[in-house]
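# task: produce atomic coordinates for the following.
(chains A, B, C and D)
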Protein chains: 4
Amino acid sequence: HSRRPEDTRYVMVIYSGGTLGMKYAPDQGYIPVAQYLEKKMRTYPMFHDLDYPISQDTVAAFSPNTPMALPATYHKYRILYCINEYDPLMDSCNMNMDDWAKLARDIEKHYEQFDGFVILHGTDTMCYTASALSFMLENLGKPVILTGAQVPLSELRSDARDNLLEALIMAGSGHYGIPEVTLYFNNKLLRGNRSIKVNSSSFDAFDSPNIAPLVSVGVEVTIQRGIILERDSKLQLVVHTTMCCDVGILRVFPGITATTIRAFLQPPMRGVVLQTYGAGNVPAEQPVLLALKEACDRGVVVVNCTQCMQGNVTTNYPAARELCELGVVSGADLTVEAALTKLSFLLGQTHLSVHNARKLMARNLCGELTPLTSAL
Amino acid sequence: HSRRPEDTRYVMVIYSGGTLGMKYAPDQGYIPVAQYLEKKMRTYPMFHDLDYPISQDTVAAFSPNTPMALPATYHKYRILYCINEYDPLMDSCNMNMDDWAKLARDIEKHYEQFDGFVILHGTDTMCYTASALSFMLENLGKPVILTGAQVPLSELRSDARDNLLEALIMAGSGHYGIPEVTLYFNNKLLRGNRSIKVNSSSFDAFDSPNIAPLVSVGVEVTIQRGIILERDSKLQLVVHTTMCCDVGILRVFPGITATTIRAFLQPPMRGVVLQTYGAGNVPAEQPVLLALKEACDRGVVVVNCTQCMQGNVTTNYPAARELCELGVVSGADLTVEAALTKLSFLLGQTHLSVHNARKLMARNLCGELTPLTSAL
Amino acid sequence: HSRRPEDTRYVMVIYSGGTLGMKYAPDQGYIPVAQYLEKKMRTYPMFHDLDYPISQDTVAAFSPNTPMALPATYHKYRILYCINEYDPLMDSCNMNMDDWAKLARDIEKHYEQFDGFVILHGTDTMCYTASALSFMLENLGKPVILTGAQVPLSELRSDARDNLLEALIMAGSGHYGIPEVTLYFNNKLLRGNRSIKVNSSSFDAFDSPNIAPLVSVGVEVTIQRGIILERDSKLQLVVHTTMCCDVGILRVFPGITATTIRAFLQPPMRGVVLQTYGAGNVPAEQPVLLALKEACDRGVVVVNCTQCMQGNVTTNYPAARELCELGVVSGADLTVEAALTKLSFLLGQTHLSVHNARKLMARNLCGELTPLTSAL
Amino acid sequence: HSRRPEDTRYVMVIYSGGTLGMKYAPDQGYIPVAQYLEKKMRTYPMFHDLDYPISQDTVAAFSPNTPMALPATYHKYRILYCINEYDPLMDSCNMNMDDWAKLARDIEKHYEQFDGFVILHGTDTMCYTASALSFMLENLGKPVILTGAQVPLSELRSDARDNLLEALIMAGSGHYGIPEVTLYFNNKLLRGNRSIKVNSSSFDAFDSPNIAPLVSVGVEVTIQRGIILERDSKLQLVVHTTMCCDVGILRVFPGITATTIRAFLQPPMRGVVLQTYGAGNVPAEQPVLLALKEACDRGVVVVNCTQCMQGNVTTNYPAARELCELGVVSGADLTVEAALTKLSFLLGQTHLSVHNARKLMARNLCGELTPLTSAL
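Sure, this is the predicted structure:
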């Protein structure tokens, strides 16, 4: 570290996979190809400044990866970065708790050496991973930004180049220095555990319906300082990787039966996000409620989240109040993605009792939830 | 009918229940109270014109309900209406296939006598009911408008009065005459089987993300004639009430296991909406795919719908293509609500083979789905 | 005052005119009719609770107007209010500096007696009046809420009832107690001097593009406490009514000539809002710039505001910088309405030098402007 | 033409100036530098495919400009294009009628040779130019797409690359083939004479408030075929370049005097866009109305357009009706930009009487205006 030029910032790009780096193959459509992305990026002048002299010390610092240099910007820092490519590249729809753990460990491993991290990730489960990492990386003090694209970087028309470029700038600029797990897409930096994929085909694919974007990018960059988490820089990063796999999401629908609920909540299931109607309601039929009560009594942590994109669950209506009495935890304005990964995280903490896991589910840990206040 | 004044239109309000008509009870919050809504409405001059002389013939025509008269408007018609209140009033989170059938039969029973229908309904499952009715009321030639409110009509601050008033005007005015099952909320008339509840607490609670509102209300009323369904007035209304109950929604999540899928898809389940990632993807693990294949082979109709609020499923990615090969039907841009109720409707048609049910799932029946076209 | 019931709040409605209170006349369209609005309102149970016993003391307190009582709400206060109707009722497109002064004096006159004020106003110039009053009512410590409607309250379909009702609640509820001049429309309370009329026909007619709504109304009422002005309750209300009439708005357009500029800026014109392109640019032609310079040299205060609905003027481009050097003041993110009325206010302060008027134009007086900070 | 490869499409980029092509100079900010843009573009692989063999015939066809080749896409066409750079490069805030004529003539000159045109233009007056060209290019049968950027293409963070790339694709792809003057910005293709600059600093800077975008770009490209103009391919392009300079925009404001109106409308002014309140209202004071009447009587064409971003002028209110009687033309839902340039165009047609110019102002010529229909 001692020989690192003062005016540089180091960013590690963890390339886990996803559409952003894919190649078009005539008969197969888009496919992942090893090393293809970095090779492509090196041909674009905005991703690699061939004129910047990279010292041997820098090369050593990035080893075994090879550094690239962003062109100079108005910021006082020159951003150097490397691409840590996963082998094999993963389709995000196949990613699960093990993959989240691998990402968390990779960040832990390189935490001291780098000023920020960009994770390239498929859009399908990006919000699940971002949510999970927000819980797994306790006392995070550096930016971890997930990004990806709806169309590969190698295509003529693509959202990949702008998403990746801005994520690199934000991860590397001390100025932004947002010590959170975030998601950058289409000119907006969203809190990871608040984000959802709202559109399967638009470039404006992500949103955080219950909280404003942390940063909006235009001619000017507008940072909502008031809502960014404050971290105590004296606290050490603590990485949690024991996530519970026995969690799931059950969406309520008209005609849902106690049999279906029992089948879904049966062991080994230990935590379930119940996606309820509106402000937190389920059919108030005795067999349905009994099936939920049985699971709660057995120690399953059931969290009440709304099916609506925006808003939160309350206890204004009898149906929602009844759930509370059965032992169901109110998920407030948690996204389904944040609720699932928070369950997986809490139930993975072996020292935690069911009682305490339920209490923590309803409490704000890292910006994922707005505690209920009395409405007017 | 012969003695009905020429310049009048008759509307039946079917009051099934919901927040709109509730009363505030100090220790219980909002509760349904029989006859409370109509009594309240009669005190508001915009809901009942005491000066309009209602003839004995009109009273007889509305019997056993008592007609009310909207004040005169610019339209040439005077709208007379009655409230057909259900006993007991239903919380919409408890409504299911039987209740949809009751609504459909009530519309059939009064179809000739009335020019339009307004259904007052809780907001929680309003989109499910609206979707279901769109399939159940074949050859519908008159407006059936669902509405409700986030706050009861009896409250000082309430969205109920405007929602109900405009629904009455739209159901009764020959001018609008939209022969569809629609949902009116917050100045927008949405196609019922395209609508979803997007916000649990805003007055702007509903949207139809994949199609524009049919009508927008402001100083002027803007009707999107181009997207309103055309009905052949020579065709008779056919009401279908045999809905299949053995249908459900399964949302895919990271770490979902074949065991969970098998448990959910086990008999008697006959139709399942699989809420997939992004453009229609699931984890491409063999056990997961096998569990889906088994269900398809057994004759379960599995429909692929996206978790995203907006957009549709495609076969651009390998994961989605693989689902097709297993026998999973593409749900295109169906909402989850429309997909579930369409499944319930099709599987309730006893003469229909599984093969044909699958074919019809992917076909547009009454405006619920945009057939896939080749993207650029 | 001593006998006023503790649980009541007094609101004065100043009814200056506007669509909200109009009557439909078959051959004339909507026309203002004296006393019509109050008579109508008394027939609606949500505007007047006939069962509430109004004491003789209360009647005396409201004299010469007659109090009405809103129905009880969850708030601890019962809101009593009266309608102070102007004679004649004014079309807002005819209102000018004299009318603003009359409104300001009426608020001053009744300031001690009432807890809040609602001003009924035509929508056409509502933002101009709201902006003007924000400058004229120095140290305002009580809510002054302008509202109106796109469609009269007497019509079946109307936005008037909800706008007026909520304005009354907000003006009368200690809970909200926002000590600013605001504008309430379509479930949003906007800062008056930030608001603009964005749509001539939608019920959602107003917005404040460069600042969030102060309050959003839905099932819950969301108040942005962080952006509401804090007032020192020890300071006395100071009402300024000497406004300068010799102010105007000049929108730049391609081909604008020095002749046109000179004609517009000639005496007696003392202050002009120059509505420029984009981030504050004008044609960089010598005659044009010279015409502006002459006016500035003569002591005309010229303020640079953008033609764009959103955003602000900067000095990033040569054309904008050149304006500064001529003596043109940067209007930052002032609306055109706020800029014009601020000019009228400042130039009406006879003790103020041109130099100081220019300095104050660029400074934030009461929330109307975001001082420029260095962009990244 | 005979030797042109069948699978190619030729696009001419007319680079008039603007932020898109600027260079950053340490002490001056962004400045235009001749040849800088093309040099930069040639270093980006998405703008120039070095591997594509450009024949001598092609070089000859593009002479004196040098062709570049976009990389291959899914479309069957390979797009070849050149940059026709203006000397000097123009700041769009300095552009006027003469510059519009130059652009129109350049399109006419190269019309047969190219399949489509992209005009690079500063954002400040882009909507004025786009509107003007829509009237000047009669019977246009090929795409003319204006684009630009909020941040130069040479910057790391920039909207320029995506805007320019997509404009090239749309101008060159037979598939889109939209024979209109349009404006492409931030994933939307807008009709030129409907567009306005709504935001001075966002990348999403343009909108067409009274009509949907013609094309929306995401993973899929959605074309609103129903609203795209149909052109008769047998009609020849007719280019009009005699525009009247004596036109202007006058925004109404509280306190506006007859003196100001007279000063603005005095000869040589021949056409004025009167930017009125709301649905088309002005102060109904006799001196004001008289000043307008005098101008109308003198033959000045005065067009009534709203100050609101969205909506249109109507004759619902007395103030607006009175204007009609004075001879003021209703601008319906014309943007101010379209109204000004349409005035300039019509008054430039020397054979046209004032009477006919007024009639044509109110008529839809090329998609710029929605004729008024009776509201409900």
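# hey, let's count contacts and neighbours off CA atoms from now on
OK.
# residue most distant from the centroid, chain A?
In chain A, counting by Cα atoms, centre = their mean, A:Q286 sits farthest out from the average C-alpha position, at 37.4 Å.
# enumerate the residues of the stretch 151-300 of chain A near chain B.
A:197-202, A:245, A:247-256, A:260, A:263-264, A:277-279, A:281-285 (Cα under 8 Å from any Cα of the partner chain).
# looking at these, which are in strands?
Here DSSP state E is the test, and these give A:197, A:247-251 as lying in strands.
# looking at the residues you listed, point me to the pair that's furthest apart.
Within those, A:K197 and A:V247 form the most distant pair, 20.5 Å apart (Cα to Cα).
# ok, those two, which is more surrounded?
When neighbours are counted by other Cα atoms under 10 Å in any protein chain shown, A:K197 and A:V247 differ, and A:V247 comes out ahead with 26 against 23.
# you'd agree the more buried one is up against A:A339?
No - the pair A:V247 and A:A339 fails to qualify as a contact (Cα atoms under 8 Å) at a distance of 10.1 Å.
# shared neighbours, these two?
Common contacts of A:V247 and A:A339, defined by Cα atoms under 8 Å, 6 or more residues apart in numbering or on different chains, comprise A:V273.
# buried sites along stretch A:99-116?
Of the residues in stretch A:99-116, those buried under the neighbour-count criterion (16 or more other Cα atoms under 10 Å in any protein chain shown) are A:99-101, A:103-105, A:107-108, A:111, A:114-116.
# neighbouring contacts of it?
For stretch A:99-116, the surrounding residues in contact (Cα under 8 Å, 6+ apart) are A:1, A:9-12, A:117, A:129, A:132-133, A:136-137, A:142-144, A:171-172, A:237, A:239-243.
# likewise for stretch A:315-324?
With Cα under 8 Å, 6+ apart, stretch A:315-324 has contacts from A:279-284, A:289, A:313-314, A:330, B:29-30.
# list only buried entries from those.
Among those, those classed as buried by neighbour count (16+ other Cα under 10 Å) are A:279-284, A:289, A:313-314, A:330, B:30.
# identify the farthest-apart pair in those residues.
When the buried ones among the contacts of stretch A:315-324 are compared pair by pair using Cα to Cα, the two farthest from each other are A:L289 and B:Y30, 21.1 Å apart.
# where in the stretch 51-200 of chain A is pLDDT low?
A:74, A:175 (pLDDT under 70).
# just the strands in it please.
Under the criterion DSSP state E, counting those that start in this stretch, the stretch 51-200 of chain A carries strands at the ranges A:68-69, A:78-85, A:116-120, A:137-138, A:144-147, A:181-185, A:188-191, A:196-197.
# rebuild the buried residues of stretch A:99-116 as JSON lines, extending it with distance to D:R157.
Conversion of the buried residues of stretch A:99-116 to JSON lines gives the following (distance: Cα to Cα, whole Å):
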{"residue": "A:D99", "distance to D:R157": "31"}
{"residue": "A:W100", "distance to D:R157": "30"}
{"residue": "A:A101", "distance to D:R157": "32"}
{"residue": "A:L103", "distance to D:R157": "27"}
{"residue": "A:A104", "distance to D:R157": "29"}
{"residue": "A:R105", "distance to D:R157": "31"}
{"residue": "A:I107", "distance to D:R157": "26"}
{"residue": "A:E108", "distance to D:R157": "29"}
{"residue": "A:Y111", "distance to D:R157": "26"}
{"residue": "A:F114", "distance to D:R157": "22"}
{"residue": "A:D115", "distance to D:R157": "20"}
{"residue": "A:G116", "distance to D:R157": "18"}
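# which ones among the residues you listed lie within helices?
When these are checked against helices using DSSP state H, the ones located there are A:99-101, A:103-105, A:107-108.
# closest one of those to chain D?
The closest of those to chain D turns out to be A:I107 (Cα to the nearest Cα; 26.0 Å).
# buried ones among the residues of the stretch 151-300 of chain A next to chain B?
A:197-202, A:245, A:247-256, A:260, A:263-264, A:277-279, A:281-284.
# can you list the buried residues in the helix or strand A:N356 falls within?
In this structure, A:N356 sits in helix A:354-361 according to DSSP states H and E. Of the residues in helix A:354-361, those buried under the neighbour-count criterion (16+ other Cα under 10 Å) are A:354, A:357-358, A:360-361.
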